[in-house]
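Colleague: below are the sequence and a predicted model; questions follow.
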Amino acid sequence: MDGVTLRRDEEVGGRVAEIVLDRPEALNALSTAMARRLAAVCAEVAADASVRAVVLSAAGEKAFCVGADLKERNGMTDEEILAQRPLFRAAFGGVLNLPQPVVAAVHGYALGGGCEFALSCDLIVADETAVLGLPEVTVGLVPGGGGTQLALRRLGPGRAADLVLTGRRLAIAEAEAYGLVDRRVPAGTARAEALAIAATIAGNSPAAVRAAKRAMRLGGGASLEAGLDIEENAWRAAAFSPDRKEGIAAFNEKRKPDWPS
């Protein structure tokens, strides 16, 4: 529907949601309709307390996402492009601001907005076919889905500048060496690996996982002192939740926890 499909992994009781970029005939290029749908799906998932982890994957064999649909843009006026902008920001922001941990399953081309979608996730799993890059400057644009800021935070200033200012593409080996990919897997297995990671996350305390993600996100641009205060707040949120009592009880009773949150 409009280029985005929402699935539940029933093998783990539906606790993992899979958001699928589902426009393979256009290499999952982000259209206006697709952006609107993605923002709505992210809002739905964010509000669902039963979802403990998310996988962002893509349909088709050739691409994760090649960025904005430039064929659609080609016929648009400046006014129409400006009107499209809030929808695109909502789509990228929807992925970035999900409270649950998000694992990207990348294969094939992840360029421009596709690379930015991956950067918006907490973990990036990519297979041997993956090619990542932010080529916006080669067509007279600047990354507008968080690319300049997310690449800076993930890669550091020099590597971010190399990626953004040259517009070059990184095959899997270089992407892994750069830190642009967290787990490198054989061709065709990125989705399965991402789902397995998400299932592991979903088995942990929901209260603790969400608090830990929030602490890492908020602390990323903070001083060490401020970051430690952020961590303290996260620790308190988890330690005084019902999950802490259940987790300690399950450990001592040598059983899997039945998380109350």
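Modeller: The structure has been received and is ready for your questions.
Colleague: residue 20 - how many residues pack around it?
Modeller: 20 (other Cβ atoms under 10 Å). (Glycine included, C-beta is placed from N, CA and C.)
Colleague: what's the answer for residue 200, then?
Modeller: There are 13 residues near residue 200, going by other Cβ under 10 Å.
Colleague: what does the one 4 residues further on give?
Modeller: The number of residues packed around residue 204, counting by other Cβ under 10 Å, is 17.
Colleague: repeat that for residue 47.
Modeller: Neighbours around residue 47, by other Cβ under 10 Å: 9.
Colleague: how near is it to residue 98?
Modeller: Counting by Cβ to Cβ, to the nearest Å, the gap from residue 47 to residue 98 is 10 Å.
Colleague: likewise residue 79?
Modeller: 31 Å.
Colleague: so for the two, which sits in the more crowded spot?
Modeller: Between residue 79 and residue 98, residue 98 has the larger neighbour count (other Cβ under 10 Å), namely 23 against 8.
Colleague: local confidence estimate at the nearest residue to that one once chain neighbours are set aside?
Modeller: In space, and not counting its chain neighbours, residue 98 is closest to residue 46: 5.4 Å by Cβ to Cβ, 6 or more residues apart in numbering. Residue 46 carries a pLDDT value of 98.
Colleague: show me the contacts for residue 46.
Modeller: 94, 97, 98, 99, 100 (Cβ atoms under 8 Å, 6 or more residues apart in numbering).
Colleague: could you rerun that using 10 Å?
Modeller: Shown in contact with residue 46 (Cβ atoms under 10 Å, 6 or more residues apart in numbering): 17, 54, 94, 97, 98, 99, 100.
Colleague: which of those count as buried?
Modeller: 17, 54, 94, 98, 99, 100 (16 or more other Cβ atoms under 10 Å).
Colleague: what about the fifth one, which SS state?
Modeller: Taken by DSSP: H, G, I helix; E, B strand; the rest coil, the conformation at residue 99 corresponds to coil.
Colleague: wait, it touches residue 207, no?
Modeller: No. Using Cβ atoms under 10 Å, residue 99 makes no contact with residue 207, being 11.3 Å away.
Colleague: follow-up on the earlier one: could I get the contacts of residue 46 in JSON lines, plus columns for pLDDT?
Modeller: Output for the contacts of residue 46, formatted as JSON lines (pLDDT from 0 to 100):
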{"residue": "17", "pLDDT": "97"}
{"residue": "54", "pLDDT": "98"}
{"residue": "94", "pLDDT": "98"}
{"residue": "97", "pLDDT": "97"}
{"residue": "98", "pLDDT": "98"}
{"residue": "99", "pLDDT": "97"}
{"residue": "100", "pLDDT": "98"}
